[in-house]
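Asker: Requesting a structural model of the entry that follows:
(one chain, ligands or ions: 3)
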Amino acid sequence: MSNHRKQAPLSKDEILKMRIACQLAAKVLNHTAKFVKIGMTTNELDLIADDYTKSLNAISACVGYHGYPKATCISVNKVVCHGLPSEYKIKDGDILNIDVTVKKDGFFGDTSKTVMVGNVSKNAIDLVDAAYKAMMVGIEAVTPNGFTGDIGFETNKYVTRRGYTTIKEIGGHGIGRVFHADPFVPAFGKKGKGEKIVPWTCFTVEPMVNEGTDEFIEKSIPNSDIKYYETQDGKLSAQFEHTLLITDTGYEILTLE
Ligand code: MF3
Ligand code: CO
Ligand code: CO
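Answerer: Ligands and ions are numbered 1, 2, ... in the order given. Here you go, the predicted structure:
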């Protein structure tokens, strides 16, 4: 998601605030992921994330964001992203992406990971591994004053080699003083194309990797402008997300705990 707001480079003080927000997001994600258990509902997981966020004196940036009603997005199996926590009971063999965005002191940290539950199929294990590495390959393609297309190019090349597909229309985003800003960070593209990567700004890298087709279906969320998405063929989708700070010599991953 991108709302086309250009980001000015962050000051030293603002970078410190981003570090804090991102550390909190990482803590909430890892804390929440530890509780994943067969038979519990995704609503229960959402509550764990929300309570823990509050206990850290932060807030979940998702609550009320364009009318979104929950603290996290939990995307199970064929759900590509923005899965809405519900009374769905987690089953043996599920893969679920937990996506956490924390707001602290006016700044945002955004991170997600896909968790495997119980006896997961070989296919699912391979897909989740590919999704994690796709994110890392994308991150490693980040260079200050390079282009977002460099990230997308490497991500898509890697995912295609693994026999999977990337979502083209949804991707990473600038983040900092706002939740979603420029640039759009694609999971496909051409080297040297896209938007310029500006030192001392932040953005997320969050490729969505599908087992089958890259086509997806849009689903609405009651009373919200946010949509969630499912693979068109009903096959699995997996995702990981980190928030990065671009420096003048490289980048730092801010959402590593
Ligand atoms: N965290 C998601 C992202 O990676 C955005 C969720 S917006 C919400 O960009 F409203 F659905 F929570
Ligand atoms: Co994001
Ligand atoms: Co996110």
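Asker: How about the residue positioned nearest the centre of the chain: which residues does it bridge to?
Answerer: The geometric centre of the chain, computed from its C-alpha atoms, lies nearest to E241 (C-alpha atoms, centre = their mean), at 3.7 Å. Bridge pairing for E241 (DSSP bridges) gives the partners S112.
Asker: Quick check, it in contact with T114.
Answerer: No - if you go by C-beta atoms under 8 Å, E241 and T114 don't touch, sitting 9.9 Å apart. C-betas here are computed from N, CA, C, even on glycine.
Asker: re the thing from before, residue contacts, the residue nearest to the centre of the chain?
Answerer: For E241, the contact set (C-beta atoms under 8 Å, 6 or more residues apart in numbering) comprises D99, D110, T111, S112, K113, M135, G172, T204, V205, E206, T255.
Asker: interface residues of the stretch 151-257 of the chain facing ligand 2?
Answerer: Neighbours of ligand 2 within the stretch 151-257 of the chain, by C-beta under 5 Å from the ion: T204.
Asker: Can you name the residue of the stretch 151-257 of the chain nearest to ligand 3?
Answerer: E241 (4.9 Å; C-beta to the ion).
Asker: Quick check: that residue vs V117, distance?
Answerer: With distances taken as C-beta to C-beta, to the nearest Å, E241 is found 19 Å from V117.
Asker: What of I221?
Answerer: Distance from I221 to V117, counting by C-beta to C-beta: 24 Å.
Asker: Name the residues of stretch 79-88 that come out as buried.
Answerer: Of the residues in stretch 79-88, V79, V80, C81, H82, G83, L84, P85, Y88 count as buried by neighbour count, 16 or more other C-beta atoms under 10 Å.
Asker: so which strand or helix has whichever residue of the stretch 1-150 of the chain sits closest to ligand 2?
Answerer: Going by C-beta to the ion, ligand 2 is nearest to D110 of the stretch 1-150 of the chain, at 4.1 Å. Secondary structure from DSSP states H and E places D110 in strand 107-116.
Asker: elements contacting that strand?
Answerer: Helices and strands touching strand 107-116, by 3 or more C-beta pairs under 8 Å, 6 or more residues apart in numbering; DSSP states H and E, are helix 12-34, strand 95-104, helix 122-140, strand 172-175, strand 237-239, strand 242-246.
Asker: Could you list the low-pLDDT ranges of the chain?
Answerer: Scanning the chain with the threshold set as pLDDT under 70 gives 1-4.
Asker: Does stretch 79-95 reach ligand 3?
Answerer: No - if you take C-beta under 5 Å from the ion as the test, stretch 79-95 misses ligand 3, and the best it gets is 7.9 Å.
Asker: From the chain's centroid, how far away is that stretch?
Answerer: On the basis of C-alpha atoms, centre = their mean, to the nearest Å, stretch 79-95 sits 15 Å off its chain's mean C-alpha point.
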